[in-house]
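# here is a sequence together with a model predicted from it:
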Amino acid sequence: MKTQTLTREQFIEQFIARQEQERANAAAMRADPQACATVLWQIARGDTGGGRAASALLLSLWNNHYAANMRDVMGNLDIKHTEAALGLLEHMGGGCWLERYLSDEQIMQVINQWGEFHEIRRERV
């Protein structure tokens, strides 16, 4: 198998093109708050930095018992999940809660995984 050697400029150009393609692929999802919530819920069930960030956002939108540091949330999500977070926030207006998009069972999975962590962080603030 032959390895392709790229110049720095070629690498940067390809990297930027891949990022733009990821953003374009996420554009359709961003218009659908149900899809955004589902994508974030899927990652929030995991034990990763992205899962922690997604769970903070979802739990903060669920009720007032949880808090999210939005800078931390956006800084720890990849492009797809950042677009999902922005898409969900675009559709969440006053009086609009997350139960429109996720079931109690789904959010309980996130609470069981991350709830105590986010409650403790809020109390320290």
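Received, thanks. Numbering: from 1, shown residues only.
# show me the shaky parts of this protein.
Along the chain, the parts satisfying pLDDT under 70 run over 1-2, 93-96, 120-125.
# list the contacts of the biggest helix by length in it.
If you go by DSSP state H, the chain has its longest helix at helix 8-30. Contacting residues not belonging to helix 8-30 are listed as 6, 35-36, 39, 79-80, 83-84, 86-87, 90 [C-beta atoms under 8 Å, 6 or more residues apart in numbering]. Where C-beta positions appear, they are placed from N, C-alpha and C, glycine not excepted.
# tell me the buried residues in stretch 14-34?
Of all the residues in stretch 14-34, those buried under the rule 16 or more other C-beta atoms under 10 Å are 26, 29-30, 32-33.
# where along the chain do the helices fall?
Under DSSP H, the chain gives helices at 8-30, 33-44, 49-62, 70-75, 79-91, 104-110, 116-124.
# so can I have JSON lines of these showing distance to residue 97?
JSON lines is the format used below for the helices of the chain (distance: least, C-beta to C-beta, whole Å):
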{"stretch": "helix 8-30", "distance to residue 97": "20"}
{"stretch": "helix 33-44", "distance to residue 97": "11"}
{"stretch": "helix 49-62", "distance to residue 97": "7"}
{"stretch": "helix 70-75", "distance to residue 97": "18"}
{"stretch": "helix 79-91", "distance to residue 97": "12"}
{"stretch": "helix 104-110", "distance to residue 97": "10"}
{"stretch": "helix 116-124", "distance to residue 97": "17"}
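# and these, which is most packed in?
The highest average neighbour count among those, using mean count of other C-beta atoms under 10 Å, belongs to helix 49-62 at a mean of 23.
# just to revisit the earlier point, which one of the buried residues of stretch 14-34 is nearest to residue 49?
For these, the closest approach to residue 49 (C-beta to C-beta) belongs to residue 26, at 19.1 Å.
# how near is the closest one to residue 76?
According to C-beta to C-beta, to the nearest Å, residue 26 stands 17 Å off from residue 76.
# now residue 49
Counting by C-beta to C-beta, the gap from residue 49 to residue 76 is 5 Å.
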